[in-house]
Structures are given as structure tokens and as C-alpha cells.
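1. I would like the atomic coordinates for the input below:
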Amino acid sequence: MDQQDIPILGNFYTKAEVDKMIADALAEARAIDEASMRKHNREATIISMILGFTTLALFVDGLLRILGIIPPFMDLDVDIIDKIVDRVENDIMPMLDRLPGR
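-> Model prediction:
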């Protein structure tokens, strides 16, 4: 009578069967890990592209508003070109006119 046939003790696995089950479980775990990493990398790439495009768009919008190319939004005028021209005309040009040899 084989030991595996004893009803009280139940069924047993051989060392080869246990090794095969462990190898199969490791292979399945690696496959699941690779699939989850692929999914994570794809989703992280998409999120990074969306955030990068949004940041770039907002930067360009702000730059164009500061330069006065795009009109003010909700009466928030951040145009600095007129202020720079006024400062140069009022502060710098008189100092340049006072220089000798001019």
C-alpha cells in the first residue's frame, strides 16, 4: 500500500511536483509583474504628456500676455512692455541726454 493512498493522512505531493508548482507560481508572478509595470509605464507616460502640454500651454499664454500680444483676461493686465517703454523714456533718456558729448 502506498502512503498516498491512506485516507486518514490524505494526499501528498512529491518534491518534483512541489518544485514544479513553485516554478509555475514564480512564472505567473513574473508575468503579472511585467504586465502591471507595462500598464503603469503607459499610464505614467500619458499623465506626464498631459501635464507637460498643459504646463507649456500655460507658460506660453502667460508669456504672450506679458508681452501684450494677447489681450488681458478678466481685466488683469500684466502687460509690461508699455511700462518698460515709459520707464526708459522718463528715467533713462534724460540721463543719457545729460551725458557729455551727446
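
2. every contact and neighbour count from this point should use C-alpha atoms.
-> Noted.

3. looking at the protein, which helix is longest?
-> In the chain, taking DSSP state H as the definition, the longest helix is helix 15-66.

4. phi and psi next, for Ile80.
-> Here is the backbone geometry of Ile80 (degrees, to the nearest 10): phi -110, psi -10.

5. neighbours around the residue nearest to it when sequence neighbours are not counted, how many?
-> Closest residue in space to Ile80, ignoring its immediate chain neighbours: Ile66 at 5.8 Å, by C-alpha to C-alpha, 6 or more residues apart in numbering. Using other C-alpha atoms under 10 Å, Ile66 is surrounded by 17 other residues.

6. and what of the one 10 residues further on?
-> Leu76 has 9 neighbouring residues, counting by other C-alpha under 10 Å.

7. re earlier: could you give the mean pLDDT of the longest helix of the chain?
-> Average pLDDT, helix 15-66: 95.

8. mind checking how far it is from the chain centre?
-> 11 Å (C-alpha atoms, centre = their mean, to the nearest Å).

9. for that helix, which helices and strands make contact with it?
-> On a contact count with 3 or more C-alpha pairs under 8 Å, 6 or more residues apart in numbering; DSSP states H and E, helix 15-66 meets no helix or strand.

10. tell me how many other residues surround Pro71.
-> Here the number of neighbours of Pro71 (other C-alpha under 10 Å) works out to 15.

11. could you confirm it falls within a strand?
-> No - going by DSSP: H, G, I helix; E, B strand; the rest coil, the assignment for Pro71 is coil, not a strand.

12. thinking again about what came up before, after the longest helix of the chain, which helix or strand is next?
-> helix 81-87 (DSSP states H and E).
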